[in-house]
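Enquirer: give me the fold of what follows.
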Amino acid sequence: MPANLTPEFIKARQRFRSAKEPAEKLAALEEMLKTIPKHKGTDKMQADIKRRIAKLRDGESRGKGGGKSSSHDHVPPEGAGQVVLIGPPNTGKSCLLAALTNARPEVAEYPFSTLAPIPGMMAFEDVSIQLLDLPPITPEYTEAWVYNLIRGCDLGLIVFDAADGELVLDELTELFGLLDERHVRPAVERTRGADPDERIREVPMRIVLNKIDVAAAPSRELLERMPFPVLTTSAEVGTGLDGLRRAVFDGLRIVRVYTKMPGKKPDMTEPYTLPIGSTVLDAAKAVHREFVDRLKYVRVWGSGRFDGQQVPAEHVLEDGDIVEIHLR
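Expert: Predicted coordinates for the structure are as follows:
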């Protein structure tokens, strides 16, 4: 397919070729990306321009910060957990983010349309969970901050195109290799024991086969060879999104705990979210740190032998429990 490059693009390309300083090169590349026609005939050119932009921006941030990390290294977590969308180009990650959250990322058929982390809040029942759309991970080039965000997240969703069929296994092997180079170890869930190699970060992950509306259902053999739970979705038509929301909540390994004042109805609107295995004492601390020292006793509705039972501080809470905290 002919590229049909615009005069504006050609002028910007000439400026890039004659530029001497990184800032000049970056400005010319950004103009090239802005003016290049967006169609399949320019896919590779767009991807190359975006890689060049990413390299220059990374070098610029290192120069200004004296070797410090990129400004994208940290996205403040919100809600009940931070979940990142990762994977190869053109698997529909941005489309998933748009379908699940209030975010409006650029959704395009050409690769590398995502250049910075894009957050959105996904609702699951009465809690909100932060999703982050990240640039694709490729052997050619992926900025260091992408791996830093993966290391710091609570759960990773590895998104593939369901139409790739058995090739997904090769893509997964390649992705695991790239993560391993950055000392990221994918896991079904994070283990309690510390790894002897302090550089290694274990990250719980799930696999999402997206675009199931235009692809055959994955074979049983393929599903059995996957190392993690697999979810099939179509961000375009909404297939499997409710199941994905539930799987994300379950993958975060958290419980919702509600509170009530003595003699009053419980507040069921904004639960506290705590790690599975949390105790009554942990819940009191979540409400207010000073409550730990002032705690007299707690009554629980839900996981007690009977509703309103007085329980010890080490009582382990379950999802949906209601606690009534009594202080000295």
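Enquirer: for residue 263, the count of nearby residues, please.
Expert: Residues within reach of residue 263, counting by other C-beta atoms under 10 Å, total 6. (Each C-beta comes from the backbone N, C-alpha and C, glycine too.)
Enquirer: check which helix or strand it maps to.
Expert: Using DSSP states H and E, residue 263 falls within no helix or strand.
Enquirer: and it, how far from residue 32?
Expert: 68 Å (C-beta to C-beta, to the nearest Å).
Enquirer: could you do residue 214 as well?
Expert: Residue 214 is 31 Å from residue 32, by C-beta to C-beta.
Enquirer: who's more crowded, those two?
Expert: Set residue 214 next to residue 32 and count neighbours by other C-beta under 10 Å: residue 32 wins out with 24 against 11.
Enquirer: just to check, that one is in contact with residue 9?
Expert: Yes. Counting by C-beta atoms under 8 Å, residue 32 touches residue 9, with 5.7 Å between them.
Enquirer: number of nearby residues for the residue lying closest to residue 266 once chain neighbours are set aside?
Expert: Nearest residue to residue 266, sequence neighbours excluded (C-beta to C-beta, 6 or more residues apart in numbering): residue 260, at 3.7 Å. For residue 260, the neighbour count with other C-beta under 10 Å is 16.
Enquirer: who is residue 260 paired with across the strands?
Expert: Bridge pairing for residue 260 (DSSP bridges) gives the partners residue 324.
Enquirer: go ahead and confirm it touches residue 322.
Expert: Yes. Residue 260 lies in contact with residue 322 (C-beta under 8 Å); the separation is 5.7 Å.
Enquirer: quick one: common contacting residues for the two?
Expert: Taking C-beta atoms under 8 Å, 6 or more residues apart in numbering as the contact rule, residue 260 and residue 322 both touch 266, 301.
Enquirer: tell me how far the residue lying closest to residue 294 once chain neighbours are set aside lies from residue 285.
Expert: With C-beta to C-beta, 6+ apart as the criterion, residue 294 has its nearest non-adjacent residue at 4.4 Å, and that residue is residue 327. Residue 327 sits at a distance of 13 Å from residue 285 (criterion: C-beta to C-beta).
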